[in-house]
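>>> Requesting a structural model of the entry that follows:
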Amino acid sequence: MTKRIVVTGIGATSPIGGTAEESWQALLAGASGARSIEAEWVEKWQIPITFAGQAVVPAADILTRQETKRLDPNSQFALIAAREAWADAGSPGVEPERLGVDWATGIGGLWTLLDAWDTLRERGPRRVLPMTVPMLMPNGGAAAISMDIGARAFSRTDVSACASSTESIANAFDHLQAGLADVIIAGGSEACIHPLPIASFAAMQALSKRNDDPATASRPYDVTRDGFVLGEGAAAVVLETYEHAVARGARIYAELLGGSVTSDAYHITAPDPEGSAAARAMLTAITNAGFTPGDVAHINAHATSTPVGDIAEYNALRRVFGDAVEGIPVSATKASTGHLLGGAGAIEAVFVIKALHERLAPPTINLTSQDPEIHLDVVTSPRTLPDGDLLAISNSFGFGGHNAVAAFKTL
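Presented below is the predicted three-dimensional model:
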């Protein structure tokens with residue numbers, strides 16, 4: 001028997017807001033989280049890209065001093081978002097053995113790893129902190145969350161580049177269907193605004209070069225788009241069976257209909273320009289939920305603002321929806337938040353959930369001249385969605401050819 005899975009809590013810390021609600025309101029207002037990096041290492045290492053989507057509320061302003069000392073920034077963001085989502089869900093009373101964590105990250109404890117390497121080279125092995133390995137582990141965020149809420153069913157971590165947290169949500173759906181838990185916290189986090197990844201992304205010509213105007217740098221679908229804006233933060237959703245939620249009188253935001261994961265098997269960084277595997281991920285997520293492409297009322301696109309990536313996703317959308325794609329409201333929210341890598345799918349899932357709950361598609365900022373090769377109905381100001389049951393999908397695609405799509409519906 002197929003179980004109904006619902007969303008009862010959301011949380012986030014992002015470049016445009018310290019909470020899920022603050023991030024949503026800033027998104028609707030057309031805010032941009034991209035700003036210049038005020039760090040000495042930018043000049044010291046002559047970093048070519050001098051801006052990023054930095055978390056608007058520092059983790060140290062929220063967590064205790066001991067938590068910030070014992071957790072990598074990636075795990076700090078994870079804990080903040082998960083705590084908010086858990087409280088928003090009413091801190092469900094559930095047996096620890098029936099409570100799970102499906103978390104994700106694209107890179108993990110980067111700051112801890114590289115700081116420890118600097119310490120080793122400059123001060124010797126005796127000065128390397130004993131907590132270095134636990135802090136740099138990619139599963140550090142999942143572990144921190146599981147210990148914080150006492151989740152003993154399982155604590156898992158997906159690492160699939162920029163598809164990671166959408167994959168974690170799809171996996172959480174499967175785990176609830178399989179009866180492995182009654183309640184799961186799912187989501188993802190990333191904290192890698194550091195000179196090394198910025199230098200690397202810049203070397204591969206992936207980042208926008210608009211140092212003089214960071215706020216307008218992320219420009220999905222625009223003819224002048226020149227790369228993505230690196231972002232940081234985390235987002236979390238509390239998922240549970242419908243029966244469990246109703247029994248405890250929980251507020252329900254939306255229904256999660258499932259997800260799909262596919263692989264391009266094409267190139268380590270470039271997407272398949274034909275978009276066949278990405279299209280299959282979308283179609284599978286929709287059809288497995290019992291719907292057809294014609295039922296989709298809203299799309300939150302991956303839309304990173306790279307010249308190649310936006311076209312590849314459009315080709316995938318065209319494969320699934322045909323000419324009808326031109327009539328579906330599409331939001332490209334990375335224009336506001338930047339690209340949170342392993343946390344991107346989670347924050348975008350929160351935005352889709354809010355869009356369905358409030359029947360309001362969020363805007364895509366910085367689109368001044370739409371690429372004539374991309375025939376999409378891109379939402380550029382908040383748009384009311386129709387009455388009735390609404391189906392929406394959220395797309396995430398990552399290096400390595402990872403594709404993940406999650407499908408949500410109004411309840």
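>>> now the helices for the protein?
Here the chain has its helices, by DSSP state H, at 20-28, 40-44, 65-70, 73-88, 110-123, 132-136, 140-149, 164-177, 195-203, 242-247, 276-288, 307-321, 334-337, 344-358.
>>> in the third one, what's buried?
Applying a neighbour-count criterion of 16 or more other CB atoms under 10 Å, the buried positions in helix 65-70 are 67-68, 70. Yep, even glycine has a C-beta here, placed from its N, CA and C like the rest.
>>> Nearest to Leu257 among the residues you listed?
Nearest to Leu257 among these: Glu67, at 35.4 Å, using CB to CB.
>>> Spell out which residues sit in contact with that closest one, please.
For Glu67, the contacting residues are 76, 79, by CB atoms under 8 Å, 6 or more residues apart in numbering.
>>> quick one, domains of the chain?
With automatic domain parsing as the criterion, the domains of the chain are listed as 5-247, 258-409.
>>> could those go into CSV alongside mean pLDDT?
As requested, the domains of the chain are arranged in CSV below (pLDDT from 0 to 100):
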stretch, mean pLDDT
domain 5-247, 98
domain 258-409, 98
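>>> returning to what we had before: for the helices of the chain, which one sits closest to Val261?
helix 164-177 (5.5 Å).
>>> list the buried ones in the closest one?
Neighbour count says helix 164-177 has 164-173, 175-176 buried, by 16+ other CB under 10 Å.
>>> Can I get that helix as CSV, trimmed to CA atoms?
Extracted as CSV, the C-alpha positions of helix 164-177 are listed here (Å, rounded to 0.1, in the frame of the first residue of the first chain):
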residue,chain,number,x,y,z
SER,A,164,22.5,16.1,-3.3
SER,A,165,19.7,17.5,-1.2
THR,A,166,16.9,16.8,-3.7
GLU,A,167,18.2,13.3,-3.7
SER,A,168,18.0,13.2,0.1
ILE,A,169,14.4,14.3,-0.1
ALA,A,170,13.6,11.6,-2.7
ASN,A,171,15.3,9.0,-0.5
ALA,A,172,13.4,10.2,2.6
PHE,A,173,10.2,9.5,0.6
ASP,A,174,11.3,6.0,-0.2
HIS,A,175,12.4,5.4,3.4
LEU,A,176,9.0,6.4,4.7
GLN,A,177,7.3,4.3,2.1
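>>> Centre of the chain to that helix, how far?
13 Å (CA atoms, centre = their mean, to the nearest Å).
>>> Now do the contacts for the closest residue to Arg127 other than its chain neighbours.
Leaving aside its chain neighbours, Arg127 sits nearest to Thr119 (5.3 Å; criterion: CB to CB, 6 or more residues apart in numbering). By CB under 8 Å, 6+ apart, the contact set of Thr119 is 127-129.
>>> Over to Ala87?
9, 11.
>>> So what touches stretch 259-273?
Residues outside stretch 259-273 that contact it (CB under 8 Å, 6+ apart): 160, 163, 166-167, 169-171, 173, 204, 206, 277-278, 280-282, 284-285, 288, 308-309, 311-313, 315, 397, 399-407.
>>> Mind giving me the ChimeraX command for buried ones among those residues?
The buried residues among the contacts of stretch 259-273 can be selected in ChimeraX (16+ other CB under 10 Å) with this line:
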select :160,163,166,167,169,170,171,173,206,277,278,280,281,282,284,285,309,311,312,313,315,397,399,400,401,402,403,404,405,406,407
